[in-house]
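A.B. asks: Sharing a model prediction with you, sequence too.
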Amino acid sequence: MKKRKKVKRKIIAYALTLCFTALIIGILYLGYMLIFKNNEPQKSFLESIETTAYVDIDKYAIYGIHLNFEGTFTLPEDAENISLMLSNGEKQIKINWELTKKENNQYSFKTSKYINEGIVLENIPQGEYYLVIETINHDEEKNEVKKYYSVENNTEYEDLEYYTLTKNGKNNKIDIEWNTYEEIPTLKFTIKETTLPDDVYDITIDPGHDAVDGGMTACSDGSTSDYYYGCYTGTMIRESDLNLEVGLELKKVLEDMGYKVAMTRDDPEDEVYIYEKGGSATLANDTKSKFSLAIHHNSSGMGGTSYLKGLELYIANDTNLDLAEIFVNEITQNANTTTSPKQEYNIADGIYQRFFTLDEIGDDLGFWTTDMIYYYYIREVGGISTHAAQDGIYKPDYAKNEHYDSNNTAEPYLFELGYMDNYENLLNILNNRTGYAQGIATALQKYLDQEV
Ligand SMILES: [Zn+2]
């Protein structure tokens, strides 16, 4: 009996060792698969890239939630079915572009003519991809022959980093990196889930003006205010306070929607500088925000009798009006207001685009050009996309816009919500602060629901 027990034990020990060894081998194999095998499709994809021609990337920029490329390339004469895509050999994401064929098989392309259109970064699924051009030709047996061409950086700009907007409490981080694979230049996109760093935000709000600069003023009873004496009757209302009230309300609504919101100021006593760290024209880019919303109220300097009233939304150059139009619709509906009848700089109902004129530029400031937006807030926030000028460059004691030559910026909008010196408009503004905030937030959400 004793002997038999011993044998049994031996068998159990033997079986256990066997199991254990199998487990170790399994773990090692799994590890090997994860580390090496997982990269095989990518490796074979990279090895399939043609080395006879590369695509020159001449310009690229992130503006808001969009990424755009411009470039040029020359392909073999018989190249057909040319498309731009993100690919890793297994998965392909086709990118819309405008392709122009020139002489001698030279091509030029841009992913969009608008800075706020193009590749929606929010929509790229997690994974690793390379930016390539694919051509599909057919051989004599009519089989598809696919070729891939990689991209080369022809700009002074380097890697990009992007955090997607918070959605259901989650974010992706996108790293866009210039690498080489066995001397082939590549642009690699890595999209991974992440937790948002403390100093990264989704949206920045700039309630215009501050404790020192009150902006426009009005008297609560619609009487005309005096520059020195203030209001003879009624109480003085400062634009800076109205802007802050709407701004704080807007922050609340956007946070209820799940967004992380930065503010240039949240207290009437705060002082804000334009280009200092955390300034009205720098905070959005300091915090990698996707949108930058400046809240203002207008005045035409007519006391309570301005014939102008209603909403004016100031936007950047080279943009489609998709989001601007939704802003106008939602604000007018939610705040029960109208768009402004002002004609100057008006490009669509309630939407305004003001460029510098030759007169404003004058002779002595060769620095400014007529493709620059007049309002610093819009021009300087958008970096290279909005032809930022590093405003302040000629004033030595004045902080300069550090992001002026950035190709990775927020998309700015400047709201003039209504005319404080139109009494009817003023009463609506005072009674409808929540409506204005609700309108702005709802518009942004509707736009994102259709884009993302
Ligand atoms: Zn203002």
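C.D. replies: Now that the structure is in, tell me what you want to look at.
A.B. asks: what helix or strand is the residue of the stretch 351-452 of the chain at minimum distance from the ion on?
C.D. replies: Relative to the ion, the nearest point of the stretch 351-452 of the chain is Glu416 (7.3 Å; C-beta to the ion). (Glycine included, C-beta is placed from N, CA and C.) In the assignment (DSSP states H and E), Glu416 maps to strand 411-419.
A.B. asks: roughly how far is that strand from the heart of the chain?
C.D. replies: 18 Å (C-alpha atoms, centre = their mean, to the nearest Å).
A.B. asks: Check stretch 133-149 too.
C.D. replies: Worked out by C-alpha atoms, centre = their mean, stretch 133-149 lies 36 Å from the chain centre.
A.B. asks: Quick check: buried residues in it?
C.D. replies: Ile133, Glu134, Thr135, Lys147, Tyr148, Tyr149 (16 or more other C-beta atoms under 10 Å).
A.B. asks: tell me which residues in stretch 104-120 are buried?
C.D. replies: Tyr107, Phe109, Lys110, Thr111, Ser112, Tyr114, Ile115, Asn116, Glu117, Gly118, Ile119.
A.B. asks: In this structure, where is pLDDT below threshold?
C.D. replies: For the chain, the stretches with pLDDT under 70 are 1-7, 29-40, 302, 364-366, 392-397.
A.B. asks: For it, what lies in contact range of the ion?
C.D. replies: For the chain, the residues found near the ion under the criterion C-beta under 5 Å from the ion are Gly208, Gly215, His296.
A.B. asks: Next, the closest residue to the ion within the chain: phi, psi?
C.D. replies: For the chain, the residue closest to the ion is His296, as judged by C-beta to the ion, at 3.6 Å. Per-residue torsions, His296: phi -140, psi 160 (degrees, to the nearest 10).
A.B. asks: Emit the ChimeraX select command for whichever of the residues of the chain next to the ion are buried.
C.D. replies: Of these, the buried ones go into a single ChimeraX selection, burial set by 16+ other C-beta under 10 Å:
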select :208,215,296
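A.B. asks: now the residues of the chain next to the ion as a markdown table including distance to Tyr345?
C.D. replies: Compiled in a markdown table, the residues of the chain next to the ion are given as follows (distance: C-beta to C-beta, whole Å):
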| residue | distance to Tyr345 |
| --- | --- |
| Gly208 | 18 |
| Gly215 | 19 |
| His296 | 15 |
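A.B. asks: which strands and helices sit next to the helix or strand just after the strand holding Glu416?
C.D. replies: Proceeding C-terminally, strand 411-419 gives way to helix 423-431 as the next helix or strand, assigned by DSSP H and E. Packed against helix 423-431 by the contact rule (3 or more C-beta pairs under 8 Å, 6 or more residues apart in numbering; DSSP states H and E) you find strand 411-419.
A.B. asks: circling back: the strand holding Glu416 - which strands sit beside it in the sheet, and in what orientation?
C.D. replies: Neighbouring strands of strand 411-419 in its sheet, by DSSP bridges, are strand 291-298 (parallel), strand 312-314 (antiparallel).
A.B. asks: If I take the first one and helix 423-431, what angle do their directions form?
C.D. replies: Relative orientation of strand 291-298 and helix 423-431, computed by axes from the mean of the first three to the mean of the last three C-alpha atoms, to 10 degrees: 140 degrees.
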